[in-house]
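*Asks:* I need the structure of the sequence given here:
(one chain, ligands or ions: 1)
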Amino acid sequence: MADLTSSFCSAQPRLHIRSLNRTNGTLRSRCCKVRCVAAPAQEVTTGVKRNENIGKLQAGYLFPEIGRRRRAHQEKNPDAKIISLGIGDTTEPVPKSIADAMQKAAAGLATLEGYSGYGAEQGRGEVRQAICDRFYSHVGRKANEIFVSDGSKCDIGRLQMMFGASTSVAVQDPSYPVYVDSSVIMGMTDGYDESSKGFGKLEYMVCRPENDFFPDLSNARRTDLIFFCNPNNPTGAAATRKQLEELVAFARKNGSIIIYDAAYAIYISDPERPQSIFEIPGAEECALETCSFSKYAGFTGVRLGWTVVPEQLRYSDGFPVINDFNRIMTTVFNGASVVAQAGGFACLQDEGFKEMQELVAFYKENAAILRTTFKELGFSVYGGEDAPYVWVGFPGKPSWDVFAEILERCNIVTTPGSGFGPAGEGFVRASAFGHREDILEAVERFKKEFGGR
Ligand SMILES: Cc1ncc(COP(=O)(O)O)c(C=O)c1O
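*Replies:* From the prediction side, this is the model:
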């Protein structure tokens, strides 16, 4: 076979391919027209075709794009002190007893007694049991149904791998972008449609103020999987018990599986709004739940989460889903870090649990400050009560324009609602994850710039 060396010409959409003729040692050159998606300056050295599903994705993942715009703004205004209410990363230190437990575990690794290698891929038994005792035993779940992981985002990817490309998917619109993007990457969707601002084949379940941010299930198409994030990122809406009963009834009627993302469940204080989908009878036959210590205990960098797959959850042929999830975890995952698991275990002990709740209460106070300010300024404000996100409406304005205006006028980074789905257009999300002084400074800037609007 001839060796191929080729180069993209950036000026013209043509691909020059030079191939080496091994018999006479001469170079042949061909030129053909290509669709120039990007124009890498370097020589192409592989013959590997790009995964065409990744090619369907739009303009990169939302948060890197926000980061790019933030950097551009900072370059233009080098003295600006930018405050981020954007990505939703935690800012406060990990509580003391939890950090101490991790320190001890890390120090133990340097000793014969404290050293451990590969752990169980499903997580340490005591950690699974402690998660179960704190959050799930009262709703009938068992420790063997809990899989400890390096976080919910990673579990979502592994769940997609488990269900495979031929499943159909519904998402709340707007929602955490990972559900849509991972479905696109897996090949569960068609291409992006510019007019609807969505991907073909994907069912977008619109959640807006008009429907109390809960999808109109009487008009929703049946899909195999339903991603349901509660409380919702980005709208901050937490579903009532009645709404979740409706969701479970809908899934059961259609034979669908709900992938319930409870990453912010601990932020729910209203007793009428369940923290786990398993509070709804019958959910164990149509739902699995993923959750994380990221927004509970500031573990966004530590990395620890879990997914609960009930034994009763079955595929259409009766095969238990838990067996396949176990197979996936033991195949492409090697167990969460022992240091992180020591931290997770400490989160679930009385002292750590109390510290964790105090941390959550701190962020909830931030949310209340933001919420009150936007209300006082006369904006339509949603969320921020049972969630760390405040969803602010700017009717009729494109959300990237609002994002740009806030950045320009206040030096504050928010997240444009349209980045979470077409129904997010006209909104921006403000995250309550921030130091108190930054939140207070941010609200002063908002008052100054938008007080008179
Ligand atoms: C709804 C939702 N699910 C999952 C995650 C990811 O969590 P983790 O840090 O455990 O991967 C996030 C992070 O922002 C999120 O907003």
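
*Asks:* Give me the pLDDT for Y192.
*Replies:* As predicted, Y192 sits at a pLDDT of 94.

*Asks:* ok, now which ones touch it?
*Replies:* 56-58, 198-199 (C-beta atoms under 8 Å, 6 or more residues apart in numbering). In this view, the C-beta of every residue, glycine as well, is placed from N, C-alpha and C.

*Asks:* buried subset of these?
*Replies:* 56, 58, 198-199 (16 or more other C-beta atoms under 10 Å).

*Asks:* Please narrow those to those residing in strands.
*Replies:* Cross-referencing the buried ones among the contacts of Y192 against strands under DSSP state E gives 198-199.

*Asks:* for the buried ones among the contacts of Y192, which one is nearest G88?
*Replies:* The shortest gap between G88 and any of the buried ones among the contacts of Y192 belongs to Q58, at 20.0 Å (C-beta to C-beta).

*Asks:* Give me the pLDDT for the closest one.
*Replies:* 82.

*Asks:* Then F63?
*Replies:* 83.

*Asks:* That one against I87, yeah?
*Replies:* Yes: using C-beta atoms under 8 Å, F63 makes contact with I87 at a distance of 5.0 Å.

*Asks:* shared neighbours of these two, anything?
*Replies:* Shared contacts of F63 and I87 (C-beta under 8 Å, 6+ apart): T415.

*Asks:* so what's A340 closest to, chain neighbours aside?
*Replies:* Excluding the flanking residues, the one nearest A340 by C-beta to C-beta, 6 or more residues apart in numbering is L304, at 4.3 Å.

*Asks:* which residues touch that neighbour?
*Replies:* 148-151, 292-294, 336-337, 340-341, 343-344.

*Asks:* V392 versus that one, what's the distance?
*Replies:* Look at L304 and V392: by C-beta to C-beta, to the nearest Å, they are 31 Å apart.

*Asks:* Next: I66.
*Replies:* 16 Å.

*Asks:* More neighbours: which of those two?
*Replies:* The neighbour count for I66 versus V392, taken as other C-beta atoms under 10 Å, is higher for V392 (27 against 21).

*Asks:* so, in contact with the ligand or not, the helix or strand where the more buried one lies?
*Replies:* Counting by DSSP states H and E, the element that carries V392 is strand 389-393. No: judged by C-beta under 6 Å from any ligand atom, strand 389-393 and the ligand are separated, with a smallest distance of 8.7 Å.

*Asks:* Note down every partner strand of that strand and its orientation.
*Replies:* strand 380-383 (antiparallel), strand 427-431 (antiparallel) (DSSP bridges).

*Asks:* Need the winner for burial among those.
*Replies:* Across those, averaging neighbours per residue (mean count of other C-beta atoms under 10 Å) puts strand 427-431 on top, at a mean of 28.

*Asks:* near the ligand, which residues of the stretch 151-300 of the chain?
*Replies:* Within the stretch 151-300 of the chain, the positions lying close to the ligand (C-beta under 6 Å from any ligand atom) are 151-154, 176, 229, 233, 261, 263, 292, 294, 300.

*Asks:* now do 5 Å
*Replies:* 151-153, 176, 229, 233, 261, 263, 292, 294 (C-beta under 5 Å from any ligand atom).

*Asks:* and these, which are buried?
*Replies:* 151-153, 176, 229, 233, 261, 263, 292, 294.

*Asks:* Can you say which two of the buried ones among the contacts of Y192 are spatially most distant?
*Replies:* Among the buried ones among the contacts of Y192, K56 and G198 lie farthest apart (C-beta to C-beta), at 11.6 Å.

*Asks:* For E408, which non-adjacent residue is closest in space?
*Replies:* Per C-beta to C-beta, 6+ apart, closest to E408 is H73, 7.5 Å.

*Asks:* is whichever strand or helix holds that neighbour up against the ligand anywhere?
*Replies:* Using DSSP H and E, the secondary-structure element containing H73 is helix 62-76. No: figure legend: helix 62-76 not in contact with the ligand (C-beta under 5 Å from any ligand atom); closest approach 9.1 Å.

*Asks:* what helices or strands is the longest helix anywhere in the chain leaning on?
*Replies:* Using DSSP state H, we find that the single longest helix of the chain is helix 350-376. Secondary-structure packing of helix 350-376 (3 or more C-beta pairs under 8 Å, 6 or more residues apart in numbering; DSSP states H and E): helix 96-108, helix 294-297, helix 338-347, strand 380-383, strand 389-393, helix 436-450.
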